[in-house]
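Visitor: Requesting a structural model of the entry that follows:
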Amino acid sequence: MMNARTRYFLRRNYRHLCGAGFVWATVFMLSMSGGAVAQDAKPEPAQVQAMEILKNADLIRFPREGFQVDISITTRRADQSTEARKYQVLSRGNDRTVVIVTEPASERGQTMLMSGRDLWVFLPSVSQPVRLSLAQRLTGLVANGDLARANFAGDYTPKLLRSEVIDGEEHHVLELTAIDRSVTYQRVLYWVKKKNAYPHRAEFYSLSGRLLKSCKYENFKTMAGGVRPTRLVMDDALRAGEQSVLEYDAMKLRELPDKLFTKEYLKKLD
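Guide: Here you go, the predicted structure:
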């Protein structure tokens, strides 16, 4: 339905619009009425509920304020060989992050910058930053976006599929659909505990619908003003026996200036 202001505008200007041709007048009327409908449309209660669950789970994983955290990643391959790496992450607002390699020593000084969904890596031996994809592997089963951008609510459209009881606790099961192809995964199934919004488990899928890996959120502790998962266990769905374990330590709230999240500033740190 068109609102009163739109109907009044059309009555006053119909002759002028028709002067440009009946087809253009009709297209204009349809576009105006469609715009009014779109403005009046409201999300369904189920959509609102699903987004609220997702936002609350995001706040359990990471604080809304600026923070710093140390992350160690240990990857075990199918042949039982292992690789260990360490990073320091500085993040603010879920859409601005700096990831600094601290170990191994041979890669110390490498830095990633995420601003929005744009991601660059700064290498000491290269004068200009190199553009990266969020979905690209960082190490083991861990993608760049797993460290640099953990904003599920900003990257996915959630749908509440069902409830499941796991270990005697009720969980929401959400289906997350990527808002575009720039995000880390195209589809995620996400289990969130009903009583406290703690993330429990996630499954990550490719654009073709193939399961890539699963993740368990474990070892909840108080850090940076909230109870958060400090251990993430990622298992490869394509290669049996491959696993990456992320451990979070020394998370603390921190004031982070705007200049930190700029290419110009990070170039000076090389």
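Visitor: where does the stretch 1-150 of the chain dip in pLDDT?
Guide: Counting by pLDDT under 70, the stretch 1-150 of the chain has low-confidence residues at 1-41.
Visitor: where do the strands sit along it?
Guide: Defined through DSSP state E, counting those that start in this stretch, the strands belonging to the stretch 1-150 of the chain, from first to last, are 67-76, 82-92, 96-103, 111-115, 118-122, 130-132, 137-139, 142-143.
Visitor: Could I get the ones you listed in CSV, plus columns for distance to residue 56?
Guide: C-betas here are computed from N, CA, C, even on glycine. As requested, the strands of the stretch 1-150 of the chain are exported to CSV (distance: least, CB to CB, whole Å):
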stretch, distance to residue 56
strand 67-76, 18
strand 82-92, 18
strand 96-103, 21
strand 111-115, 23
strand 118-122, 26
strand 130-132, 30
strand 137-139, 27
strand 142-143, 24
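Visitor: Show me the one of the ones you listed that comes nearest residue 221.
Guide: Taking CB to CB as the criterion, strand 67-76 is the member of the strands of the stretch 1-150 of the chain that comes nearest to residue 221, at 12.2 Å.
Visitor: List the neighbours of the closest one that are in contact with it.
Guide: 82-92, 102, 139-142, 147, 223-224, 241-254, 256 (CB atoms under 8 Å, 6 or more residues apart in numbering).
Visitor: Residue 104 and residue 73: what is the separation?
Guide: 12 Å (CB to CB, to the nearest Å).
Visitor: The lengthiest strand in the chain: partners in the sheet, and parallel or antiparallel?
Guide: For the chain, the longest strand by residue count, based on DSSP state E, is strand 211-223. The strands beside strand 211-223 in its sheet (DSSP bridges) come out as strand 199-205 (antiparallel), strand 226-236 (antiparallel).
Visitor: in the stretch 151-270 of the chain, which spans are strands?
Guide: Counting by DSSP E, counting those that start in this stretch, one finds strands in the stretch 151-270 of the chain at the ranges 156-166, 169-178, 187-193, 199-205, 211-223, 226-236, 243-253.
Visitor: What about residue 257, how many residues nearby?
Guide: With neighbours defined by other CB atoms under 10 Å, the count for residue 257 comes to 10.
Visitor: Could you do residue 235 as well?
Guide: Burial of residue 235 is recorded as 16 neighbouring residues (other CB under 10 Å).
Visitor: That one contacts residue 212, correct?
Guide: No. Distance between residue 235 and residue 212: 10.4 Å, which falls outside the contact criterion (CB atoms under 8 Å).
Visitor: how close does residue 112 sit to residue 223?
Guide: The span separating residue 112 from residue 223 equals 22 Å under the rule CB to CB.
Visitor: out of those two, which sits in the busier spot?
Guide: Comparing residue 112 with residue 223 by other CB under 10 Å, the one with more neighbours is residue 112, at 23 against 20.
Visitor: For that one, which non-adjacent residue is spatially closest?
Guide: Once its chain neighbours are removed from consideration, residue 112 has its nearest residue in residue 99; the separation is 4.1 Å (CB to CB, 6 or more residues apart in numbering).
Visitor: The one you found contacts residue 107, correct?
Guide: No. Using CB under 8 Å, residue 99 and residue 107 do not qualify as a contacting pair, with a distance of 11.9 Å.
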